[in-house]
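**Q** Just a sequence and a predicted model for now, questions to come.
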Amino acid sequence: MRRRERTPVNPNAPIAPHAPALSAEPATPTDIIPSARLLQAACVAVAPLLTREGLEAADEASVRAVCEVLACLSGEAVAPPSDAARRALGRDVLVAGLPLAALPVESLHKPWCGPDGTVRAARGMYGGESARHVRALYAACGLSVPEGFAAMPDHLALLLELEAFFLEADDASAARTLVCDHFDWLGAYDAMLAARAEQAADAPAFDMTKRRDLAQGIAFMRTMVRSMDRAVHAWAANAA
């Protein structure tokens, strides 16, 4: 594995993705196999918007840039969410312990196994086998898991950052392996987001404005998740 210095996403930092400039026009969804360069750009751009802090720190230009990347991946125009929708997503969905909580953390969506391999919970716990493996990958790359992700090194934001790290280093083998090992749960996460959207739509505690904002925010989150899920697997299959 080639090592290059790269700072993983900081959940408390404003978005300033240093991604390669994009020139590709959106294609039709069935035609899209992203290049390594486009996938790297998408990983870097999308990762910060997967946390509450990143959503709230993002400015309009950053969000528009992410929508442009997503359009290149999906072949369809992606409308940016309103500020209120981003706030609702960040504060009601991406915060642990709340009724609508749905965090993009791999361990939460897989059976939890102890160090000896014993299954100790069906799902829903931090620090599972995937978290331990990602932490080891970070250490092997000479990187440190950011403090804000100490309990969840297998957060999707960090997985995308690690994928971008391998792509930037031209280490296609490591990038493909990461996809195979750590990107097989996004369908389950998307299903959870869909359930949260239905739950929010029927929540008596929310007025119509809050329901609308949550619907738009969750829809944007689902677009990011599904686009990246398709993109990483399409690239990995083509690069094999």
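**A** Right, received. Where do you want to start?

**Q** Of all the residues in the lengthiest helix in the chain, which ones are buried?
**A** Taking DSSP state H as the criterion, the chain has its longest helix at helix 208-239. Residues 211-232, 234-236, 239 are the ones in helix 208-239 that count as buried (16 or more other Cβ atoms under 10 Å). C-beta coordinates here come from the backbone N, C-alpha and C atoms, glycine included.

**Q** so what are the domain limits for this structure?
**A** Residue ranges for the domains of the chain, per automatic domain parsing: 29-103+158-239, 105-154.

**Q** for the last one, what is the average pLDDT?
**A** Put plainly, it is domain 105-154. Here domain 105-154 scores 84 as its mean pLDDT.

**Q** how far away is R91 from P104?
**A** According to Cβ to Cβ, to the nearest Å, R91 stands 16 Å off from P104.

**Q** of these two, who's got more company?
**A** Legend: neighbour count by other Cβ atoms under 10 Å for R91 and P104, higher for P104 (27 against 16).

**Q** Surely that one is in contact with L50?
**A** Yes - counting by Cβ atoms under 8 Å, P104 touches L50, with 5.5 Å between them.

**Q** so what sits against both of those two?
**A** Listed contacts common to P104 and L50 are H155, L156, A157; contacts here mean Cβ atoms under 8 Å, 6 or more residues apart in numbering.

**Q** Might one say that the second one is in contact with P104?
**A** Yes - under the criterion of Cβ under 8 Å, L156 makes contact with P104 at 3.8 Å.

**Q** shared neighbours of those two, anything?
**A** L50, Y189, V225.

**Q** what about the residue nearest to the first one when sequence neighbours are not counted, which helix or strand?
**A** Going back to what we said before, that points to L50. Nearest non-adjacent residue to L50, counting by Cβ to Cβ, 6 or more residues apart in numbering: A157, 4.4 Å away. Using DSSP states H and E, A157 sits within helix 156-168.

**Q** list the buried ones in that helix?
**A** In terms of neighbour count (16+ other Cβ under 10 Å), helix 156-168 has its buried residues at 156-168.

**Q** and if you look at stretch 53-70?
**A** Those would be 53-55, 57-58, 62-63, 65-70, for stretch 53-70 by 16+ other Cβ under 10 Å.
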